[in-house]
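Visitor: attaching a predicted model along with its sequence, questions to come.
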Amino acid sequence: MRKVLFLTTVLAFIFTSNIWAADISGNWTLKMSGRQGEESIPMVVKAAGEKLTVTATHPMLQAMEGTGTIKGDDVKFNLKATGQMQIEFVFTGKVTGNKMAGTREMNRAAGAQGGAPGGQAPAGGQAPAGGQAPAGGQAPAGGQAPAGGQAPAGGQGGGQTMSNAWTAEKN
């Protein structure tokens with residue numbers, strides 16, 4: 001009898017475990033810091049159990065798509081730009097009611113442009129000694145600026161990652 005009761009309890013736990021995950025399906029406004037200050041990005045989240053499908057429209061990058069997971073109040077998802085800019089944001093955080101918050105990483109593909117579309121660094125991909133690469137330019141191969149110089153506004157190419165805070169509120 002104990003075995004039957006134990007198995008029934010385990011099965012009930014397995015089949016109801018998804019109700020403990022927050023229901024985050026719906027329309028959200030994602031807020032994070034960008035070059036021009038705080039960016040408000042409309043985002044749609046679809047949850048199927050613990051699996052997430054996420055779409056968003058970034059002001060500069062335009063359409064973005066991603067996937068993720070939610071386990072209890074822990075959420076993790078990514079958003080990849082679908083256009084020319086090869087940028088991916090990875091968001092990790094917690095859900096509290098109709099709000100989410102956490103940290104993000106921004107990953108760029110090796111050789112991805114460092115700024116707004118349009119500019120490139122001079123031949124050889126380097127900023128002048130002691131200077132800066134042009135806004136929207138590229139960092140040299142390997143993702144580093146020369147000694148005394150700085151990478152383009154927005155960071156280095158070559159697979160750079162950086163963390164920032166983010167929040168989201170359900171509409």
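Guide: Cool, got the structure.
Visitor: per-residue confidence at residue 22?
Guide: The predicted local confidence for residue 22 comes out at a pLDDT of 72.
Visitor: pretty sure it is touching residue 71, no?
Guide: No - with contact taken as Cβ atoms under 8 Å, residue 22 and residue 71 are classed as non-touching, separated by 9.9 Å. C-beta: built from backbone N, CA, C; applies to glycine.
Visitor: just the element for residue 83, please.
Guide: Using DSSP states H and E, residue 83 falls within no helix or strand.
Visitor: beta-bridge partners for the nearest residue to it once chain neighbours are set aside, please?
Guide: Among residues not flanking residue 83 along the chain, residue 62 sits closest, at 5.4 Å (Cβ to Cβ, 6 or more residues apart in numbering). Note on residue 62: beta-bridge partners residue 58, judged by DSSP bridges.
Visitor: pretty sure residue 62 sits against residue 82.
Guide: Yes - if you go by Cβ under 8 Å, residue 62 and residue 82 touch, sitting 7.4 Å apart.
Visitor: and the top strand by length along the chain, what other elements does it pack with?
Guide: As assigned by DSSP state E, the longest strand anywhere in the chain is strand 37-48. Contacts defined by 3 or more Cβ pairs under 8 Å, 6 or more residues apart in numbering; DSSP states H and E place strand 37-48 against strand 26-34, strand 51-58.
Visitor: hey, where'd the strands end up in this protein?
Guide: Using DSSP E, the strands of the chain run over 26-34, 37-48, 51-58, 62-71, 74-81, 87-96, 99-108, 163-170.
Visitor: minimum distance to residue 3: which of the ones you listed has it?
Guide: Relative to residue 3, the nearest member of the strands of the chain by Cβ to Cβ is strand 62-71, separated by 28.9 Å.
Visitor: which strands or helices does the closest one pack on?
Guide: Contact partners of strand 62-71 among helices and strands, from 3+ Cβ pairs under 8 Å, 6+ apart: strand 51-58, strand 74-81, strand 87-96.
Visitor: tabulate those (JSON lines), appending distance to residue 109, mean pLDDT and mean neighbour count.
Guide: Converted to JSON lines, the helices and strands packed on strand 62-71 look like this (distance: least, Cβ to Cβ, whole Å; pLDDT from 0 to 100; neighbours: other Cβ atoms under 10 Å):
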{"stretch": "strand 51-58", "distance to residue 109": "16", "mean pLDDT": "97", "mean neighbour count": "17"}
{"stretch": "strand 74-81", "distance to residue 109": "10", "mean pLDDT": "98", "mean neighbour count": "20"}
{"stretch": "strand 87-96", "distance to residue 109": "8", "mean pLDDT": "96", "mean neighbour count": "18"}
